[in-house]
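1. Just a sequence and a predicted model for now, questions to come.
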Amino acid sequence: MTDKPQATGPLTSLDRDTRALEKEIERRGVILGIDWNDTAQVRALAEEALSHGRDASRQAAHGGKDHQAQAKAELFGFAALMLRTMAISAEEGFFTHGGTAWKAFGKALWEVSGLDGDGPAA
């Protein structure tokens, strides 16, 4: 058993992972009131995920009843998984596709992280 998703068969594990991950991202987006068509809002969220994601996760994990903070921390964790999934699929020679939330958040994360080849965004 490997921890790297395999790209085999008609519905690959990457396809399944992408669908499940996007569903969770969409759910957290609803809780947080994210408009996936609002480029500025999604980019700000991606910047926050990449710069403060671990801190938010630690704070949310230490209790509290702040459901917004919990949803945001979970979303940031999913952002890390999303970037990993996109990188693995790129290594395999194909692009990972999803719906509106996946495309918007993925594009913003990719650009902000510098993985688009332009280096980290300022």
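-> Nice, thanks for sending it over. What you are looking at is a predicted structure, and each value in this text was computed from that prediction instead of being measured.
2. and stretch 29-49, average pLDDT?
-> Mean pLDDT, stretch 29-49: 95.
3. and it, how far apart are its ends?
-> Taking Cα to Cα, to the nearest Å, stretch 29-49 runs 13 Å from one end to the other.
4. Could you check that stretch and say which residues are buried?
-> Using 16 or more other Cβ atoms under 10 Å as the test for burial, stretch 29-49 gives 29, 34, 36, 41, 42, 43, 45, 46, 47, 48, 49. C-betas here are computed from N, CA, C, even on glycine.
5. Toward the C-terminus, what is the element adjacent to the helix or strand harbouring residue 84?
-> Using DSSP states H and E, residue 84 sits in helix 67-92. Next along the chain after helix 67-92, taking DSSP H and E as the criterion, comes helix 100-113.
6. Return the distance of that next one from the chain's centre.
-> 7 Å (Cα atoms, centre = their mean, to the nearest Å).
7. With stretch 101-117 instead?
-> 9 Å.
8. buried residues in that stretch?
-> 101, 102, 104, 105, 106, 108, 109, 110, 111, 112, 113.
9. any idea which helix or strand of this protein has the worst average confidence?
-> Ranked by mean pLDDT, DSSP states H and E, the helix or strand of the chain with the weakest confidence is helix 39-61, at a mean of 80.
10. Surely residue 112 and residue 48 touch.
-> No - here residue 112 does not reach residue 48: they are 9.5 Å apart, not a contact under Cβ atoms under 8 Å.
11. Which residue is the nearest non-sequential neighbour of the residue nearest in space to the middle of the chain?
-> With distances taken as Cα atoms, centre = their mean, the residue of the chain nearest its centroid is residue 79 (2.4 Å). Distances taken as Cβ to Cβ, 6 or more residues apart in numbering put residue 49 closest to residue 79, at 4.2 Å, once the chain neighbours are dropped.
12. just checking, the one you found touches residue 109?
-> Yes - here residue 49 reaches residue 109: they are 6.9 Å apart, a contact under Cβ under 8 Å.
13. any shared contact partners between these two?
-> Counting by Cβ atoms under 8 Å, 6 or more residues apart in numbering, the contacts common to residue 49 and residue 109 are residue 79.
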